[in-house]
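[1] after the sequence you'll find the predicted model.
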Amino acid sequence: MQVTGEPTAQAFGGTRAAATFRPSGPRVSWRYPMYIRTVEDARTLARRRLPRAVFDYLDGAAEGERTMRANLAALDALEFRPRMAATRGSDPAPLGRTVIGTPVSLPVLLSPVGSSRFMHTGGDVAGVRAAGAAGTIFTLSTVSGHTIGEVAAAASGPAWFQLYFFGGRRGAEQLVDRARAAGYRAIVVTVDTQSPGPRERELALGLSPPIEVNLHTVRKMARQVAVRPRWLAAAARDRFRFGFANVANLGDPDAPMSAAEALIFWQSAPASWEDFAWIRDRFGGPVIAKGILTGDDAKRAVDAGASAIIVSNHGGRQLDRAPAALPALAEVLAAVGPDVEVLVDGGFRRGSDVVAALALGARAVMIGRPWAYGLAAAGEAGIASVLDVYRTGIARTLRLLGCPSLDDLDRDFVRLPAGWQAPSALRGR
Ligand SMILES: Cc1cc2nc3c(=O)[nH]c(=O)nc-3n(C[C@H](O)[C@H](O)[C@H](O)COP(=O)(O)O)c2cc1C
């Protein structure tokens, strides 16, 4: 693997040299990108490197994938209102700010992505390293292929732990205790996953995590894997650790819980608003509600004890026809007011997308698939390249907008399409 610097990216790239990934090997086909210059480049490389079932697990969404498309369409519908001839000098704007009290040097955080070890053996260890190097926060999924401790040990920056109630309340308590002991800064409680999403691409292939390597799955994947020998060789060296490392050993140490058992508990007792209080007391730090899409639910989350909100439709992977992320952000911001930090994810593919959300009032934006595409494309270097795409894009957009810094962004920089703030959200104002 070779990582090259790229002067044009560095010009607005902030403090870190741009690590632009170039696939190794003597010749790169004209059909594939040489560099990760856009998130779409990373996606193309991921598609090229992963077996079909793995790519579809990463790339797909629920049912007709309407919500996933709606996330992108909403971003397309928003326009900027630039202020021309307003900036002086050539220095790029600093991109640092705090998120729930933690300083970051890039307002793009990594969302939890389950089973990332399926995409690249580096998995969440690569994710936490790349996030730390970029000066941002990594969020570890409960359903990681690496343990809470392994990821904490690899971290050079702040990390949050995303909690599912695998193993019911008893399992959740153990996960919270481990996250606290390992030094995670916040617990992210995902509230939109009462059941696994109906992802038709995965249903069609009959393969979704946790994948066990047995005759059945080997038979199903054989053809796809045959054309991805490098992925297969790496997975074999990693001893096919596709399972859920943090749930397999829940319960009594001498009677560990299997992923299948934990999944049953998860569906029978998912997180509810009443759980926020005990999680906060037990963890002793901030608890963040992820998966909020309406102003009413945002108020409920804050009343239940959430310190911050992540507006998210899970990248369209759960309830299809759920609202698009950006209009939901506008509604939530109107409902909770300026004292609660609100983050958002779902469909943010460019620096200009991030700037649009920050101008609306989001404290930061989170990305799921984009960092996982980078991971699948080239491990930690691929994620670093993707984060550079955002860093460069945000700096350039601010300059083109005539906005000197993140803190100078405000709603006057964007024109909202009609009907974006639902009446229910405005009732309390
Ligand atoms: C492959 C994959 C696995 C995911 N696993 C989780 C998870 O374990 N927990 C969670 O809260 N969200 C999970 N998500 C949702 C992401 O955290 C995030 O909300 C979503 O990907 C944002 O949309 P984007 O991919 O368009 O950026 C997952 C998303 C993907 C693509």
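    Structure's in. What do you need?
[2] drop to CA atoms for contacts and neighbour counts, all remaining ones
    Will do.
[3] look up how far Gly145 lies from the closest residue to Val151 other than its chain neighbours.
    Leaving out its chain neighbours, the residue that sits closest to Val151 by C-alpha to C-alpha, 6 or more residues apart in numbering is Val125, at 5.2 Å. Going from Val125 to Gly145 by C-alpha to C-alpha, to the nearest Å gives 10 Å.
[4] and if you look at Ile383?
    From Ile383 to Gly145 the distance is 18 Å (C-alpha to C-alpha).
[5] partner strands of the helix or strand harbouring Met366, with direction?
    Applying DSSP states H and E as the criterion places Met366 in strand 364-367. Its sheet considered, strand 364-367 pairs with strand 108-110 (parallel), strand 341-345 (parallel) by DSSP bridges.
[6] of these, which is nearest Val54?
    Judged by C-alpha to C-alpha, the one of those that comes nearest to Val54 is strand 108-110, at 19.8 Å.
[7] residues contacting the closest one, please?
    Residues from elsewhere that reach strand 108-110 (C-alpha atoms under 8 Å, 6 or more residues apart in numbering): 127, 131, 136-139, 354, 364-368, 371, 387, 390.
[8] for the residues you listed, which single residue is the most surrounded?
    Neighbours here mean other C-alpha atoms under 10 Å. Within those, the largest count is held by Gly127, at 32 neighbours.
[9] I'd say that one and Phe138 touch.
    Yes. Shown here, Gly127 and Phe138 form a contact pair, counting by C-alpha atoms under 8 Å, at 7.0 Å.
[10] so which bits of this structure are right by the ligand?
    Residues of the chain lying near the ligand by C-alpha under 6 Å from any ligand atom: 57-58, 111-114, 141, 143, 190, 312, 314-315, 345-348, 367-369.
[11] of the residues you listed, which belong to helices?
    With helices defined by DSSP state H, the entries of those inside them are 57-58, 369.
[12] make a markdown table out of these and add distance to Ala259.
    Shown next, in a markdown table, are those (distance: C-alpha to C-alpha, whole Å):
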| residue | distance to Ala259 |
| --- | --- |
| Tyr57 | 18 |
| Leu58 | 20 |
| Arg369 | 23 |
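[13] tell me who's in contact with Ser111.
    Here Ser111 is in contact with 138-140, 345, 366-368 (criterion: C-alpha under 8 Å, 6+ apart).
[14] in three-state terms, label Pro417 for me.
    The three-state assignment at Pro417 reads coil, by DSSP: H, G, I helix; E, B strand; the rest coil.
[15] okay, strands next: where are they in this protein?
    2-4, 20-22, 79-80, 97-99, 102-104, 108-110, 138-140, 159-163, 187-190, 287-292, 308-311, 341-345, 364-367, 414-415 (DSSP state E).
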